[in-house]
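>>> need a 3D model of the sequence below.
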Amino acid sequence: MTTAWLLLGLALLLILANGLFVAAEFSLVTVDRGAVERAAAAGDRRAEGVLASLRALSFELSGAQLGITITSLLVGMLANPAMAKLLGPPLTGLGLPPGVVRPVAAVVGLLIATVLQMVIGELVPKNWAISRPVQVARAVAGPQRLFSTVCRPLIALLNGAANRVVRALGWSPRRNWPPPAAPRN
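Prediction:
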């Protein structure tokens, strides 16, 4: 039983990590680049970090998406069996037949883990990042860049594969956003 609680605690930490990746993704996409450039020019070190992320936006977004995928998969792997184990005794106490307890516990555990993942790991950080993109980007760009640096080979491989597919479809992949402004005449 202790192992199940530890696995749930770890799953909750992974949901929070997922939230960091979601917040990074949405804040970097919605942030006002001009505001970040002004803050960086004024000496704001965290704004300089956000600006570095914006200069490699495609790579950082790929890193955030990798983080989201990894944490989501791990949450499912840890939370579902732990929830099934913890829900087994109460369901048995309700009088469910022994052959039904495990599948019902697994389904209920999956539903609970999914709702927590969606609300805490996805929707709350998304709404937070959209409502305060500069502040959120300043808070999460550093950890996001650290993750991307550690996972650089895998991200480069996946991003390269995606770019090849995009080119095969006749489109041109972008490395950052917005693209550099065209020179004025």
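>>> check the burial of residue 85 by counting its neighbours.
Residue 85: 19 surrounding residues under other C-beta atoms under 10 Å. C-beta here means a position set from N, CA and C on the backbone, and glycine is covered the same way.
>>> name the nearest residue to it, sequence neighbours excluded.
Leaving aside its sequence neighbours, residue 85 sits nearest to residue 4 (C-beta to C-beta, 6 or more residues apart in numbering; 4.4 Å).
>>> tally of neighbours for the one you found?
18.
>>> what pLDDT is listed against it?
Residue 4 carries a pLDDT value of 91.
>>> before we move on, what about the one 4 residues further on?
The predicted structure scores residue 8 at 93 on the pLDDT scale.
>>> least confident secondary structure element in the chain?
Every helix and strand of the chain was ranked by mean pLDDT, DSSP states H and E. The lowest is helix 98-118, at a mean of 89.
>>> buried set for that one?
For helix 98-118, the buried set under the neighbour-count rule, 16 or more other C-beta atoms under 10 Å, comprises 101, 104-106, 108-109, 113, 116-117.
>>> try stretch 153-172
Across stretch 153-172, burial judged by 16+ other C-beta under 10 Å covers 155, 158-159, 163.
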